[in-house]
Every structure is written in structure tokens, then in C-alpha cells.
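Enquirer: Got a predicted structure plus its sequence, pasted below:
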Amino acid sequence: MSTPGSTGPTNLVRSLQLDVFTLLPHAFAWLTEQRPVATVLGNELDLRLFSYRDTTPLRAGQVDDDPYGGGAGMVLRVDVVAAALEAAYGSEIDHRVIALSPQGRQLTQAVVEELANDEHLTLLSARFEGFDERIVRHLASDAISIGPYVLSGGELPAMVLVDAIARRLPGALAEGSGEHESFSAELDGGLEYPHYTRPPEFRGWTVPDVLLSGDHARIDAWRREHVR
């Protein structure tokens, strides 16, 4: 993980710079210690965390305000996000900026594959009532939702995206393991077949005999039949 302003590795054939703007940079510490993120961090993945409070043009670190028209909650200000982006990139941004918003397109494995092919991505997270709409419309170039439910902020959606993208980078997983996962093209976008491990019998619940047979052709056929 890099501090803001670092450029990350420059001698890699395939790497992704992933920048997250957040009110809670420290919340990502746990994620960066977990595989597969930890496996690719600093090599295939240059993860940078930016705090809106570090560049806010407002006094006392203020970043949000009451919504016009009244209502509960606080809204992340457009001038705060604009200042953060300009401090990081200058006046011109030449890569995808994603607002993590319930109004965005639904996150799917196909979207993950799309994003993992980019060389530079920025994720914008908010908290409580979310973004001033002008952030989504004018400062972001894309918006993504991780599901039709309400969270207290964008940090968890950002972590979901970081993890999902990181595992599609070279070296994150054992060779071939990512190609036969749920939602993969190899499984026609379906769910993986059932998995079993030791013991072969527990409380009368048994493992299908074919999986204990050692006959890999029969096992492959069984697995194809049981893709969900």
C-alpha cells in the first residue's frame, strides 16, 4: 500500500493503481493484510488511500453539510471531493473515477472483470446520506452499487471492489483457480458445483461416491452436471 503521492512500481508488465478516497483510511488496514489483496499489494496492485479531510477547503476538517431542503443526515460536499481529486491528479483526470452509490450500476463478476483490466481506477466513498449529486454527475465517470440495501458508508463497498478486483490480477490466485469459480465464463456464469472434504461420512451425511472414486473423468462429468 502506498502513501498519497507515491507512484508505485514502474517495472511491472501488468499492474493496477487503485486509489480510494474515504473519510476512514484506517478502516482498510485489515483488508490489506488478507489474501489475495496482500499477495499482490505493492506489485500487481498499488493501493493508495486518500482522506478527504487532508485537502478539504473548509475549516476544522469539515467535509459534509446539511442537505438543502431539510432532512436527516449529512451529505458529502462537492467542493470537498473536487479539492481532493485536484490535489491528487491536477485539473485533468485521464482514468475512470467510480462513485460508490446505490444509484450506480449493479456490481457483477462481468463488471469486476472489466475493472480489473484498467490500469488506474479511483473509488469515491461517502458516509451517511451519501454524495452531493453533483459529485456523481460531474466528478465521477462511473457509479457502482454492490446491492439494493443501505449501509452507513462507502468503505465496505470500496473494500468489496478492492478484494474482487485484486483476486483477478496476475499472481493473486493459484493458476487456473480463478477460471472455474462461480460466475466465471467456464461455468457459463453459474454457481460452482458443491464441494466436499474430509471426513467422508459425518452424522450419516455422506460424500457422493463419485468424488471418492479417483476417476477424474467421472468427477468432471459430475461437476458439470451440478453447476448451479
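Expert: Yep, that arrived.
Enquirer: all contacts plus neighbour counts: C-alpha atoms, from now on.
Expert: OK.
Enquirer: which regions of the protein sit below the pLDDT cut-off?
Expert: 1-14, 174-189 (pLDDT under 70).
Enquirer: quick one, helices of this protein?
Expert: 29-32, 37-40, 78-89, 109-116, 133-134, 155-166, 216-225 (DSSP state H).
Enquirer: Now for residue 23: which residues touch it?
Expert: Residues near residue 23 by CA atoms under 8 Å, 6 or more residues apart in numbering: 51-53, 125-127.
Enquirer: So for residue 21, which of the helices of the chain sits nearest?
Expert: With CA to CA, the closest approach to residue 21 among those belongs to helix 78-89: 8.0 Å.
Enquirer: Restricting to C-alpha, output that closest one in CSV.
Expert: What follows is the C-alpha trace of helix 78-89 in CSV, where atoms were taken according to Å, rounded to 0.1, in the frame of the first residue of the first chain:
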residue,chain,number,x,y,z
VAL,A,78,-18.9,18.6,-3.9
ASP,A,79,-16.2,21.2,-3.2
VAL,A,80,-14.5,18.8,-0.8
VAL,A,81,-14.4,16.0,-3.3
ALA,A,82,-13.3,18.3,-6.1
ALA,A,83,-10.4,19.6,-3.9
ALA,A,84,-9.3,16.0,-3.1
LEU,A,85,-9.3,15.0,-6.7
GLU,A,86,-7.4,18.1,-7.8
ALA,A,87,-4.8,17.7,-5.1
ALA,A,88,-4.2,14.1,-6.3
TYR,A,89,-4.4,14.5,-10.1
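Enquirer: about what we covered before: kindly reformat the helices of the chain as CSV and extend each row with mean neighbour count and distance to residue 204.
Expert: Formatted as CSV, the helices of the chain follow (neighbours: other CA atoms under 10 Å; distance: least, CA to CA, whole Å):
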stretch, mean neighbour count, distance to residue 204
helix 29-32, 13, 38
helix 37-40, 20, 39
helix 78-89, 18, 58
helix 109-116, 16, 36
helix 133-134, 12, 57
helix 155-166, 21, 37
helix 216-225, 13, 22
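Enquirer: Rebuild those as JSON lines, extending it with distance to residue 192.
Expert: Listed next are the helices of the chain as JSON lines, based on distance: least, CA to CA, whole Å:
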{"stretch": "helix 29-32", "distance to residue 192": "25"}
{"stretch": "helix 37-40", "distance to residue 192": "22"}
{"stretch": "helix 78-89", "distance to residue 192": "40"}
{"stretch": "helix 109-116", "distance to residue 192": "14"}
{"stretch": "helix 133-134", "distance to residue 192": "39"}
{"stretch": "helix 155-166", "distance to residue 192": "17"}
{"stretch": "helix 216-225", "distance to residue 192": "8"}
